[in-house]
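Colleague: Predicted structure and sequence below. I'll ask about it afterward.
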Amino acid sequence: MYFVEYREHSNQQGGLPVKALLVIDMLVDFIDPQGALYIGPAAEKVVPQVKSRLEKYRSEGNPVIFICDSHLKDDIEFNLFPPHSVEGSGGDDIIPELTPKVDERVIEKRRFSAFVGTDLDLTLRDKGIDEIELAGVVTNICILYTAAMARMYGYKVNVPISAVASFDEEAHNFALKEMEKTLGVTMI
Ligand SMILES: [Zn+2]
């Protein structure tokens, strides 16, 4: 079958479909206390947790994809939030603790969902990936809406509770519950 052969089966453990880690918005503007949309004290706690997930995926030979806000100067999202992660501003840089390796994909996005206006779905399908893990920020915004779209596209989605964070604890808890109960995300 053409389509099956076309897919790149790169799993190193043999046979089973690979899974990917999506590291979402671990950027200077959200995580650095000087950042334009710093999420607050939760930022400090989430960094080592995301790093640990990243190292796990790397050591298992499973792909890691960095998903990064990269806004236009007059992006429509700034009607909702103060300007942040403007492309080329430095605020859109991944924090140094989590620097991608040369062979790891970085996908820029301009909407809450990492699937909107990006080639994420195509990238995952090309690799035969049907299971993703979401780590990073913000739980009730980009994590939640990426999880929602991933589920609607049929991906299995896992969220490590300690490796996601928000500026708003109530919204964080709501989003975790919504992902688990409504979207069928597995909490790990
Ligand atoms: Zn944004």
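Modeller: It's in.
Colleague: contacts and neighbour counts: CA atoms only from here.
Modeller: Fine.
Colleague: average model confidence for the top helix by length along the chain?
Modeller: Secondary structure of the chain per DSSP state H: the longest helix is helix 42-60. Here helix 42-60 scores 96 as its mean pLDDT.
Colleague: Return the set of buried residues in it.
Modeller: 42-43, 46-47, 49-51, 53-54, 57-58 (16 or more other C-alpha atoms under 10 Å).
Colleague: and if you look at stretch 138-152?
Modeller: For stretch 138-152, using 16+ other C-alpha under 10 Å, the buried residues are 138-151.
Colleague: quick one, strands of this structure?
Modeller: 19-24, 64-69, 105-109, 131-137, 156-159, 164-165, 186-187 (DSSP state E).
Colleague: closest one to Glu87 among those strands?
Modeller: strand 64-69 (8.3 Å; C-alpha to C-alpha).
Colleague: can you pull the contacts of the most centrally placed residue in the chain?
Modeller: Geometric centre of the chain, nearest residue: Ile24, 2.8 Å, by C-alpha atoms, centre = their mean. Going by C-alpha atoms under 8 Å, 6 or more residues apart in numbering, Ile24 touches 66-68, 134-137, 142-143.
Colleague: Next: Thr99.
Modeller: So Thr99 contacts nothing (C-alpha under 8 Å, 6+ apart).
Colleague: Which pLDDT value goes with it?
Modeller: 97.
Colleague: next one: Glu5
Modeller: pLDDT, read off for Glu5, is 43.
Colleague: what do you get for Val18?
Modeller: 85.
Colleague: how much space between it and Phe174?
Modeller: As for Val18, its distance to Phe174 is 30 Å (criterion: C-alpha to C-alpha, to the nearest Å).
Colleague: Neighbour count: those two, which is higher?
Modeller: Val18 (21 against 15; other C-alpha atoms under 10 Å).
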